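Asker: Take this sequence and fold it.
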Amino acid sequence: MSFQERMRRTLERAPQEQAIEFGGVWWRWGDVRATALSVTEALDDADVAPNATVAWIARNRPHHLAALFGLLAAGRSVVVVSPFQSADRIAEQIDRLRAPAVVADAEDWEATQIADAVRRTEGLGLALGGGPGGAAAVLARGDRRGAAGDGRAASEQTLTLLTSGTTGPSKRIALPVRAVEAAAEDCDLLEAEGHDPGAPRAPFISGYPLTNIGGIYYAMPTGLLGRRMALLEKFAVEPWVEAVERHRPGLLWLPPAAIRMLLEAGVPRSALAGARALRYGAAPLDDDTRERFEETYGIPVLSQYGATEFAGTVVAWTLADHRRFGAAKRGSIGRARPGIGLRVVDSDTGTELPCGVCGRLEVMVPRVGPGWMSTNDLAAIDDDGFVFLQGRADDAINRGGFKVLPEDVADVLRRHPAVADAAVVGLPDARLGQVPAAAVELRPSATPPDIGALQAFARERLIAYQVPVRIIVVPALPRTPSLKVDRPAVRRLFAPAKRAAAPSRSD
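Answerer: Numbers count the residues shown, from 1 in each chain. Below you'll find the model as predicted:
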């Protein structure tokens, strides 16, 4: 059965079966199908070419998922546009994409810049909104009947997602739907670990944004397999805990920042009762936070590793591996998922390195395509196939010839009792080339520490060249919608220092 046939079969499930919960209200499959059909029929009525790529301003709302499922079931390719930017920026992207159709929330069409951009590019604008089963409305119409958009007719159906943008501007990655399909099936396998075989499965609970692979990875088992989903517009402690208490899932999924937020909020152990494990990804989790969570809730914390380019997760801990190797392999991100190839190579020569030697991680992902894909992650793989990340090659700070890995420094700062999280970046330096600087976010109840004391704390635990030359305390670290630390934004926090007197040095 093809990808499109599987999507259509899901949309045709019993109309009264539960599909997507949002704000405590269930969308039934009949509702999802009605909204999906209203989108695809509007495109057909406007003679938008079947192979044209449709732009989707993706929001975490059920009518958006219904629209996506309908577009994919109809064989249409979709390119994501982030709603987490100004209307002017969205309009600029519509101008560049020149998609013959743009699907957006009714809220987005309130910005005249977006509607004007669609008319400028002679496209069709569809508005999503209303309660369960609401129909899409035509809000802007150009005259490009049959147009596929600047040669963007898709020879292969794709879903184009945004990278997280944590180290620089977001990039668009076009994933073939076969990759999305395979990733959804793998996600379903991981999720099944939290449930008794044969017992009804609780819904996925996700606040990951649908603009990137995290949100899509957790949403596609609903579209392909009919799994129920509890969708959050964004992660916040109270609605997430309410959903967990209501549905009692066996497996929890959260980014590291959300794990810290749960701990700081003092969520009671009983709220997470019944969960067998918590999975995290998207960013590193320090050992202290992991241990605090496991001690507080009695739930093992399992890491997974992936990327938009891989269409999801490629390395993960399983519950079986955790029971067997959990203590011995502490610090590992897990082992390769079925069918995934891993190797570590020398960054300069590309030569494959032996087990246990750190180098640049490369991944082979058959669902995406043949060949090895290079990452910017430094890693070592042991004899049992467990992967240990050692930082990122592109993040490394070259301080007068000494390499400083930002995550090593941030891990030390997080051990300070007043620090909830930290981010370390490299700043230009006339003498040394680069120097490390740190921004720290405090625990809600913490007394702000003296900066000198923070530097002394770091100096006691780091090599001299690793100690940040500048530490600032911020109310909250800047983050992307998926709660990853936004490193370019962190670097901008230090911009005024360039005009100020040179900071004191610790080297």
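Asker: Can you give me the distance of the residue nearest to the spatial centre of the chain to A111?
Answerer: Compute the mean C-alpha point of the chain, and by C-alpha atoms, centre = their mean the closest residue is G214, 3.7 Å away. Using C-beta to C-beta, to the nearest Å, G214 is found at 26 Å from A111. Yep, even glycine has a C-beta here, placed from its N, CA and C like the rest.
Asker: roughly how far is the stretch of helix or strand I259 belongs to from the heart of the chain?
Answerer: Assigned by DSSP states H and E, I259 belongs to helix 256-265. Offset of helix 256-265 from its chain centre (C-alpha atoms, centre = their mean, to the nearest Å): 17 Å.
Asker: what domains does the record give for this structure?
Answerer: What the record gives for the chain is the domain set 3-177, 179-392, 397-498, from automatic domain parsing.
Asker: Those domains into CSV, with extra columns for mean pLDDT?
Answerer: Below are the domains of the chain laid out as CSV (pLDDT from 0 to 100):
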stretch, mean pLDDT
domain 3-177, 89
domain 179-392, 93
domain 397-498, 89
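Asker: hang on, the earlier thing: enumerate every residue touching the residue nearest to the centre of the chain.
Answerer: Y208, P255, G281, A282, S482 (C-beta atoms under 8 Å, 6 or more residues apart in numbering).
Asker: Grab the nearest non-local neighbour of it.
Answerer: Excluding the flanking residues, the one nearest G214 by C-beta to C-beta, 6 or more residues apart in numbering is Y208, at 3.8 Å.
Asker: and what of V404?
Answerer: I397 (4.2 Å).
Asker: can I assume the one you found is in contact with A410?
Answerer: No. Contact criterion C-beta atoms under 8 Å: I397 and A410 do not qualify, at 11.9 Å.
Asker: Now for the two: what residues contact both?
Answerer: Counting by C-beta under 8 Å, 6+ apart, the shared contacts of I397 and A410 are V424.
Asker: The contacts of G214 into CSV, with extra columns for distance to A316 and neighbour count?
Answerer: CSV is the format used below for these (distance: C-beta to C-beta, whole Å; neighbours: other C-beta atoms under 10 Å):
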residue, distance to A316, neighbour count
Y208, 16, 27
P255, 15, 22
G281, 8, 26
A282, 13, 24
S482, 18, 25
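Asker: Tabulate those residues (TSV), appending secondary structure.
Answerer: What follows is the contacts of G214, written out as TSV (DSSP: H, G, I helix; E, B strand; the rest coil):
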residue	secondary structure
Y208	coil
P255	coil
G281	coil
A282	coil
S482	coil
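Asker: and of those, the nearest to P366?
Answerer: G281 (20.6 Å; C-beta to C-beta).
Asker: For the closest one, grab phi and psi.
Answerer: The phi/psi pair for G281 (degrees, to the nearest 10) reads phi -160, psi -170.
Asker: which stretches of the chain form helices?
Answerer: For the chain, helices defined by DSSP state H occupy the ranges 3-11, 29-45, 62-73, 87-97, 112-120, 177-192, 213-225, 237-247, 256-265, 287-297, 319-325, 406-414, 451-461, 487-493.
Asker: so what secondary structure elements neighbour the fourth one?
Answerer: On a contact count with 3 or more C-beta pairs under 8 Å, 6 or more residues apart in numbering; DSSP states H and E, helix 87-97 meets strand 53-57, strand 77-81, helix 112-120.
Asker: ranking these by burial, who's on top?
Answerer: Of those, the one with the most neighbours on average (mean count of other C-beta atoms under 10 Å) is strand 53-57, at a mean of 26.
Asker: Distance of G426 relative to N398?
Answerer: 8 Å.
Asker: Out of these two, name the residue with the larger neighbour count.
Answerer: The neighbour comparison of G426 against N398 (other C-beta atoms under 10 Å) goes to G426, with 19 against 13.
Asker: wait, the more buried one sits on V409?
Answerer: No. Using C-beta under 8 Å, G426 is not in contact with V409, being 10.7 Å away.
Asker: hey, what's in contact with both of the two?
Answerer: Counting by C-beta under 8 Å, 6+ apart, the residues touching both G426 and V409 are P436.
Asker: ok, what's across the strand from W26?
Answerer: E21 (DSSP bridges).
Asker: Isn't it up against V32?
Answerer: No. W26 lies out of contact with V32 (C-beta under 8 Å); the separation is 10.5 Å.
Asker: Quick one: neighbours of R324, just the number.
Answerer: R324 sits with 12 neighbouring residues when counted by other C-beta under 10 Å.
Asker: wait, S170
Answerer: Count around S170 with other C-beta under 10 Å applied: 19.
Asker: what about the residue nearest to it when sequence neighbours are not counted, neighbour count?
Answerer: Distances taken as C-beta to C-beta, 6+ apart place L162 nearest to S170, at 4.4 Å, with adjacent residues excluded. Neighbour count of L162, defined by other C-beta under 10 Å: 23.
Asker: Look up how far P300 lies from L162.
Answerer: Using C-beta to C-beta, L162 is found at 31 Å from P300.
Asker: what do you get for R201?
Answerer: With distances taken as C-beta to C-beta, R201 is found 20 Å from P300.
Asker: cool, and L454?
Answerer: 32 Å.
Asker: Quick check on the two: which one has the bigger neighbour count.
Answerer: Set L454 next to P300 and count neighbours by other C-beta under 10 Å: L454 wins out with 22 against 18.
Asker: what's the burial count for T121?
Answerer: When neighbours are counted by other C-beta under 10 Å, T121 comes out with 23.
Asker: next one: phi and psi at it?
Answerer: Dihedral angles of T121 (phi, psi; degrees, to the nearest 10) stand at phi -90, psi 10.
Asker: Would you quantify the distance from it to A379?
Answerer: Taken as C-beta to C-beta, the span from T121 to A379 is 43 Å.
Asker: Name the residues of stretch 238-245 that are buried.
Answerer: P239, W240, V241, E242, A243, V244 (16 or more other C-beta atoms under 10 Å).
Asker: Tell me which two in these are the farthest apart.
Answerer: P239 and V244 (9.8 Å).
Asker: Spit out the contact partners of P448.
Answerer: A418, L442, V473.
Asker: hmm, try it at 7 Å
Answerer: Counting by C-beta atoms under 7 Å, 6 or more residues apart in numbering, P448 touches L442, V473.
Asker: Tell me how far it lies from A275.
Answerer: Counting by C-beta to C-beta, the gap between P448 and A275 amounts to 35 Å.
Asker: ok, now R392?
Answerer: Distance from R392 to A275, by C-beta to C-beta: 31 Å.
Asker: Same question for V267.
Answerer: When V267 is compared with A275 (using C-beta to C-beta), they lie 12 Å apart.
Asker: thinking again about what came up before, now flag whichever of the contacts of G214 is closest to L225.
Answerer: For these, the nearest to L225 is Y208 (17.9 Å; C-beta to C-beta).
Asker: Tell me who's in contact with that closest one.
Answerer: G214, G215, Y218, S482.
Asker: JSON lines for these, including distance to G194?
Answerer: Output for these, formatted as JSON lines (distance: C-beta to C-beta, whole Å):
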{"residue": "G214", "distance to G194": "18"}
{"residue": "G215", "distance to G194": "19"}
{"residue": "Y218", "distance to G194": "13"}
{"residue": "S482", "distance to G194": "22"}
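Asker: Between all of these, which two are at the greatest distance?
Answerer: Farthest pair in the contacts of Y208, by C-beta to C-beta: Y218 and S482, 11.4 Å.
Asker: what about the nearest residue to V412 once chain neighbours are set aside, neighbour count?
Answerer: Nearest non-adjacent residue to V412, counting by C-beta to C-beta, 6+ apart: R461, 4.8 Å away. R461 has 15 neighbours, counted by other C-beta under 10 Å.
Asker: Mind listing the residues bridging to V344?
Answerer: Judged by DSSP bridges, the bridge partners of V344 are L361.
Asker: isn't it right up against T351?
Answerer: No. With contact defined as C-beta atoms under 7 Å, V344 does not count as touching T351 (10.1 Å).
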